[in-house]
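A.B. asks: Just to be clear, the model below is a prediction. Sequence and coordinates:
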Amino acid sequence: MIELWDMNICLDMPSVYRRFRVARSRLALRYTASAILPLVLAGCSHWRHAQKPDLVYVVAKQTYLRDRVAAVSTRVALVSNGETLQVVQRGRRFLQVKTGRGEEGWIEDHLVIDQAAYDRFLALRSEHREDPVVATALLRDDLYLHLKPGRESARFYLLPENEKLQLLRRASTPKPVTPQSILVTSPAAKKKAAPGKAGAPPAVPMEDWWLVRDSKGQVGWLLARMMDVDVPDEIAGYGEGQKIVGAYILTRVRDAQSDLPDRMVPEYVTVFNAYQEGLPYDFNQLRVFTWNAKKHRYETAFRERNFEGYFPVTVGQSRIGAGPALPEFSIGVAVTQAGSQKVVKLDYGMDGVIVKQITPLSPGETLVHPLPEEKRLHPAAAKKKTRTG
């Protein structure tokens, strides 16, 4: 009996082995799943936490976060211009945000800009990082940098009063029309409204904007009338009814009676323009001021008028043969040739108090002379006239 049972066991060994192998595989699968599942869940949790946070940036000079959106609420935290906030929850006109200090509260959505607008400001800064500086200026009051020229464009950085600015590029935009501007008509506008000019399109009021770079390297557009071009005091009174829009040191001469510590007085090349916004050119007059060491005063050594000039004005030195290095400067001017208009560079050299144009115009090129103010149409008005005519 015993021998028969042993024999049956031996005969059934393959099936027993298969059952054992299946059971072992199922057990291994359970252990593997129980080991992998926490890892998968941990990975999903890590991916969820690694998502890019929803950030906004404070536009207001200073404002408070509130504990709730209600007529009566409590101030939670003070935030300032440029500060980064993380969005916790978005409402209809309010955002629940968290500061870098861990404070949470609600803020109105028009007091912040989103990540896309912030990235555009960074791109503007990168794009104009190497732009040449055409002039410097001082800001008259606190003012925002805009993404584009125009009052309706996005704004972000708030610059303080008396901030030193580097001017990079000028642009003109139509001035926004307000109810006051419609009701109030200046005497000059009434005088221009002659009976024979009833069908002429009215000149569109324009305003100038400057692309600027501040002391922190931040770049944006500012309203031109809110800043003063940095002009040396000693020549600021030589405007003769025009605005000095750029002044550049050409060289220095010695005057033993000068009040300067090193007795070396600077001599300047300056560019002027009319007190009018929206002009299609940057300046229309050039003057070189040299120092008379005997009379201890500035004098005009060279003057060029009635042309359409463009920034930048570059200053340098040149040497002819073994002679001393002499000051040079160059400007861009508008010329016409074969009926087309373009901008060319003119170079000037200075030897003592003598200034001469080094590079003459090419054959067939003539300077473009600015139109008188009463005959000049702003770009927007000219476009309108072309479209209606």
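C.D. replies: Ah, there it is.

A.B. asks: quick one: least confident helix or strand in this protein?
C.D. replies: The weakest-scoring helix or strand in the chain, judged by mean pLDDT, DSSP states H and E, is helix 2-11 (a mean of 45).

A.B. asks: Assign Trp125 to helix, strand or coil.
C.D. replies: Not quite, residue 125 is Arg, not Trp. Secondary structure assignment for Arg125 (DSSP: H, G, I helix; E, B strand; the rest coil): helix.

A.B. asks: dump the residue contacts of it.
C.D. replies: If you count contacts by C-beta atoms under 8 Å, 6 or more residues apart in numbering, Arg125 has them with 217-219. Backbone N, C-alpha and C define where each C-beta goes, glycine included.

A.B. asks: please redo it, this time with the cut-off set to 6 Å
C.D. replies: Shown in contact with Arg125 (C-beta atoms under 6 Å, 6 or more residues apart in numbering): Val219.

A.B. asks: Asn81 too?
C.D. replies: Asn81 sits in contact with 58, 61, 158, where contact means C-beta under 6 Å, 6+ apart.

A.B. asks: Hmm, the second one is touching Tyr157, no?
C.D. replies: If I follow you right, that is Lys61. No - using C-beta atoms under 6 Å, Lys61 is not in contact with Tyr157, being 10.9 Å away.

A.B. asks: So which of the two has more stuff around it?
C.D. replies: Between Lys61 and Tyr157, counting by other C-beta atoms under 10 Å, Tyr157 is the more crowded of the two (19 against 12).

A.B. asks: Wait, a helix at that one?
C.D. replies: No - if the criterion is three-state DSSP, then Tyr157 is strand and not within a helix.

A.B. asks: secondary structure element for the residue nearest to the spatial centre of the chain?
C.D. replies: Nearest to the geometric centre of the chain sits Gly220, at 2.2 Å (C-alpha atoms, centre = their mean). Following DSSP states H and E, one finds Gly220 within strand 219-223.

A.B. asks: where exactly do the helices run in this structure?
C.D. replies: Here the chain has its helices, by DSSP state H, at 2-11, 13-49, 115-127, 179-183, 187-192, 379-388.

A.B. asks: and those helices, which one is worst for confidence?
C.D. replies: In terms of average pLDDT, helix 2-11 trails the rest of the helices of the chain, at a mean of 45.

A.B. asks: returning to what we had before: what angle sits between the strand holding Gly220 and helix 115-127?
C.D. replies: 100 degrees (axes from the mean of the first three to the mean of the last three C-alpha atoms, to 10 degrees).

A.B. asks: Which residues does strand 219-223 contact?
C.D. replies: Looking at what lies outside strand 219-223 - C-beta under 6 Å, 6+ apart - the contacts are 124-125, 128, 143, 145-146, 149, 209-213.

A.B. asks: remind me, longest strand of the chain?
C.D. replies: Ranked by number of residues, the top strand in the chain under DSSP state E is strand 297-318.

A.B. asks: now what about it, what contacts it?
C.D. replies: Against strand 297-318 from outside (C-beta under 6 Å, 6+ apart): 132, 134, 235, 246, 248, 281-283, 285-290, 292, 325-334, 343, 353, 355, 367-370.

A.B. asks: hey, what's the nearest residue to Gly105 once chain neighbours are set aside bridged with?
C.D. replies: Nearest in space to Gly105, with sequence neighbours left out and distances taken as C-beta to C-beta, 6 or more residues apart in numbering, is Leu65 at 2.7 Å. When assigned by DSSP bridges, Leu65 has beta-bridge partners Ala77.

A.B. asks: Provide a list of residues in contact with Met264.
C.D. replies: Taking C-beta under 6 Å, 6+ apart, one finds 252, 254 in contact with Met264.

A.B. asks: and it, what pLDDT?
C.D. replies: Looking at Met264, its pLDDT is 94.

A.B. asks: Next: Ala325.
C.D. replies: So Ala325 comes in at 84 (pLDDT).

A.B. asks: Could you give the number of residues near it?
C.D. replies: That count, for Ala325 with other C-beta under 10 Å as the rule, works out to 11.

A.B. asks: how far away is the nearest residue to it once chain neighbours are set aside from Val355?
C.D. replies: Spatial nearest neighbour of Ala325, excluding adjacent residues (C-beta to C-beta, 6+ apart): Gln317 at 4.2 Å. Gln317 is 14 Å from Val355, where distance means C-beta to C-beta, to the nearest Å.

A.B. asks: and what of Met264?
C.D. replies: 20 Å.

A.B. asks: same thing with Ala123?
C.D. replies: Taking C-beta to C-beta, one finds Ala123 at 42 Å from Val355.

A.B. asks: which of these two has more neighbours?
C.D. replies: Neighbours per residue (other C-beta under 10 Å) separate Ala123 from Val355, with Val355 holding more: 21 against 12.

A.B. asks: Phe289 is in contact with that one, correct?
C.D. replies: No - the pair Val355 / Phe289 is not scored as a contact, 10.7 Å apart, by C-beta under 6 Å.

A.B. asks: Show me whatever sits in contact with both of these two.
C.D. replies: By C-beta under 6 Å, 6+ apart, no residue touches both Val355 and Phe289.

A.B. asks: picking up where we left off before, the residue nearest to Gly105 reaches Ser80, doesn't it?
C.D. replies: No - using C-beta under 6 Å, Leu65 makes no contact with Ser80, being 11.7 Å away.

A.B. asks: Look at the two and report which has more neighbours.
C.D. replies: Legend: neighbour count by other C-beta under 10 Å for Leu65 and Ser80, higher for Leu65 (22 against 11).

A.B. asks: How much space separates the more buried one from Thr99?
C.D. replies: Applying C-beta to C-beta to Leu65 and Thr99 gives a distance of 7 Å.

A.B. asks: so what sits against both of these two?
C.D. replies: Joint contacts of Leu65 and Thr99 (C-beta under 6 Å, 6+ apart) are Ala77.

A.B. asks: In terms of residue numbering, what are the domains of the protein?
C.D. replies: 55-116, 128-182+201-227, 231-389 (automatic domain parsing).

A.B. asks: Which of those comes out lowest on mean pLDDT?
C.D. replies: Across the domains of the chain, domain 231-389 gives the lowest mean pLDDT, at a mean of 87.
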